[in-house]
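> task: produce atomic coordinates for the following.
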Amino acid sequence: MQTRRNFLQNAAKATLGIAVSGSILQDIASAKATELNAATLTFSQVKLPFSYAALEPNIDALTMEIHYTKHHMAYINAVNDAIITENIKETSEEQLLANISKYSAKARNNAGGAWNHNFFWESLSDKPGQPGEKLSAMINKAFGSFDKFKEQFGAAAASRFGSGWAWLILDDSGNLKISSTPNQDNPLMDVAEVKGIPVLGLDVWEHAYYLHYQNKRADYIKNWWNVVNWKKVDERIA
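Below is the predicted model:
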């Protein structure tokens with residue numbers, strides 16, 4: 001026959017068992033939530049590698065500040081919201097871009113805007129330098145000369161109707177090509193007409209130049225060559 005003492009002891013053990021079990025379940029749930037959050041793709045803004053005024057007179061300080069803190073930040077926030085609301089499970093930015101046709105216009109436009117601008121900031125420098133030996137040889141092979149390359153790249157940027165980008169890319173054969181994309185598309189996307197790995201990109205949206213150059217996109221393109229980060233481009237083709 002169970003004594004009162006035994007009953008109380010057994011009840012205490014049962015209560016302890018339930019508490020421990022509940023604690024374990026909470027720990028498992030917490031761990032799963034942490035794992036889920038860690039696995040969720042999140043875009044972030046790269047630190048601007050120069051001051052807002054560092055590229056003047058080629059790109060003015062106010063344009064750079066607005067471009068970086070307003071336009072680019074808006075793309076970052078919007079794509080991260082799309083990832084959550086659309087339950088996007090891609091594990092990297094490049095994987096998302098490669099499968100972008102599966103997702104909404106919001107995801108496409110803002111993933112492109114977030115990625116493209118991070119790429120663009122790192123393509124600029126207040127100490128631009130010159131193309132390295134390997135890059136120079138590849139440019140000469142693909143376009144005939146550096147001047148011809150600049151001419152063709154500038155034409156791609158100038159002729160992009162409305163908003164978009166001009167790109168220097170590596171194709172599947174490892175050769176350099178020039179392409180152009182509308183809006184915030186880029187050559188990594190499965191929707192791109194010309195696909196490849198970007199090594200240099202130029203933003204020709206009006207917000208990138210209008211405060212200083214107004215409608216003179218050609219002048220913006222011409223002066224942009226003075227702030228290209230050739231060291232970074234060299235790294236990308238290495």
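> wait, residue 153 touches residue 176, no?
No: Residue 153 lies out of contact with residue 176 (CB atoms under 8 Å); the separation is 10.2 Å. Yep, even glycine has a C-beta here, placed from its N, CA and C like the rest.
> need the overlap of contacts for the two.
Common neighbours of residue 153 and residue 176, using CB atoms under 8 Å, 6 or more residues apart in numbering, are residue 168.
> could you give the mean pLDDT of the one helix or strand residue 168 maps to?
Using DSSP states H and E, residue 168 sits within strand 164-170. Averaging pLDDT along strand 164-170 yields 98.
> next secondary structure after it?
With DSSP H and E, the next secondary element past strand 164-170 is strand 176-182.
> not counting its neighbours along the chain, what's nearest residue 212?
With sequence-adjacent residues excluded and distances taken as CB to CB, 6 or more residues apart in numbering, residue 212 is closest to residue 60, at 4.4 Å.
> surely the one you found touches residue 210?
No: under the contact definition of CB under 8 Å, residue 60 does not touch residue 210, with a separation of 10.6 Å.
> those two: which has the busier surroundings?
Between residue 60 and residue 210, counting by other CB atoms under 10 Å, residue 60 is the more crowded of the two (17 against 14).
> ok, back up a step: now the residue nearest to residue 212: how far from residue 159?
Per CB to CB, to the nearest Å, residue 60 is found 25 Å from residue 159.
> now for residue 45: which residues touch it?
Going by CB under 8 Å, 6+ apart, residue 45 touches 68, 72-73, 76, 114, 117-118.
> again, only using 10 Å
For residue 45, the contacting residues are 68-69, 72-73, 75-77, 114, 117-118, 121, by CB atoms under 10 Å, 6 or more residues apart in numbering.
> residue 167 against residue 152, yeah?
No: counting by CB atoms under 10 Å, residue 167 does not reach residue 152; the two are 11.9 Å apart.
> out of those two, which sits in the busier spot?
Legend: neighbour count by other CB under 10 Å for residue 167 and residue 152, higher for residue 167 (28 against 17).
> show me what the more buried one is bridged to.
Going by DSSP bridges, residue 167 is paired in beta bridges with residue 179, residue 201.
> got the buried residues for stretch 62-80?
63-64, 66-68, 72, 75-76, 78-80 (16 or more other CB atoms under 10 Å).
> ends of it, how far apart?
26 Å (CA to CA, to the nearest Å).
> and if you look at stretch 197-217?
End-to-end distance of stretch 197-217 (CA to CA): 25 Å.
> stretch 199-214 now?
Start-to-end, stretch 199-214 (CA to CA) is 28 Å.
> again, but for stretch 89-100
Separation of the first and last residues of stretch 89-100 by CA to CA is 12 Å.
> so which bits of it are buried?
90, 93, 96-97, 100.
> residue 235: helix or strand, and which one exactly?
helix 230-237.
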